[in-house]
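> Here is the input, now give the coordinates:
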Amino acid sequence: MDYLYAMVLFAVSSSVTPGPNNIMVMTSGLNFGVRKSLPLLSGICMGFALMLLLVGVGFGQLFELFPSLHFIIKCLGVLYLLYLAWLIARAGDIGSSDAQTKPLGFMKGALFQWINAKAWVVATGAIAAFTTVGTDFHNQNMMLAATFLVVSFPCVGVWLMFGSLLKKALTKAHYRQWFNYTMSGLLVISVLPVIQEILS
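Modelled structure (predicted):
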């Protein structure tokens, strides 16, 4: 039972703390409201749980066999993250013809996990801490993924609600636009360590 409590606490602390997922969800909540942002929330939560399962069954070993694959995914991931940052910056900018007029969807949220540096750190850390090599490994891996799936919805959902509440506070268009620019900038900053690693 202590094992399960520890797993839940780890899932809560890593899901509710600031990171790219929560920045995207909060921004979506502010610009589009809770209901329209639910697909993004679901994509993030379900996408991470699937990522956790796949990393557990040996995705990491695949990267060890083909190091160039990891590098390619990382480079594509950086480009995708910068694209998402651009979408956030354009969200709700009524005066622009290329403004983002609808929230990011389920697939964007799910695919984002594979290039989210925090997601990789949490996934590999969770597997190392809460699984053991042996016959129970797959059961432990499935329990870990299920725990994160259940816990992440309310934890990430808090950020969605916070964004929705901010919508009422930031009533003027230019306030909301500056908020979007700030969130976009934070998302770009979050990927700078990955860019630095690629260049080195």
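
> Could you tell me how far the spatially most central residue of the chain is located from A119?
Nearest to the geometric centre of the chain sits N21, at 3.1 Å (Cα atoms, centre = their mean). Counting by Cβ to Cβ, to the nearest Å, the gap from N21 to A119 is 7 Å. Yep, even glycine has a C-beta here, placed from its N, CA and C like the rest.

> what's the answer for L30, then?
22 Å.

> thinking again about what came up before, can you list residues touching both of N21 and A119?
Taking Cβ atoms under 8 Å, 6 or more residues apart in numbering as the criterion, N21 and A119 both touch F48, Q113.

> Okay, buried residues for the host helix or strand of M46 please.
Assessed by DSSP states H and E, M46 sits inside helix 20-54. For helix 20-54, burial by neighbour count (16 or more other Cβ atoms under 10 Å) applies to 20-32, 34, 37-49, 51-54.

> picking up where we left off before, any idea how far the residue nearest to the centre of the chain is from T182?
17 Å.

> Equivalent analysis for H138, please.
43 Å.

> what's the answer for L4, then?
38 Å.

> where's the closest residue to T27 other than its chain neighbours, which helix or strand?
Excluding its sequence neighbours, the residue lying closest to T27 (Cβ to Cβ, 6 or more residues apart in numbering) is M183, at 4.5 Å. According to DSSP H and E, M183 maps onto helix 173-199.

> Show me what that helix is packed against.
helix 20-54, helix 67-90, helix 117-130 (3 or more Cβ pairs under 8 Å, 6 or more residues apart in numbering; DSSP states H and E).

> which stretch in these is the model least sure about?
Note on the helices and strands packed on helix 173-199: helix 67-90 shows the lowest mean pLDDT, a mean of 73.

> for that one, which positions count as buried?
Buried residues in helix 67-90 (16+ other Cβ under 10 Å): K74, G77, V78, Y80, L81, L84, A85, L87, I88, A89, R90.

> I would like the residues contacting the helix or strand just after it, please.
Proceeding C-terminally, helix 67-90 gives way to helix 106-112 as the next helix or strand, assigned by DSSP H and E. With contacts defined as Cβ under 8 Å, 6+ apart, helix 106-112 is touched by 20-21, 24, 39-44, 46-47, 50, 80-81, 84.

> Now do helix 106-112: distance to the chain's middle.
Relative to its chain's centre, helix 106-112 lies at 8 Å (Cα atoms, centre = their mean, to the nearest Å).
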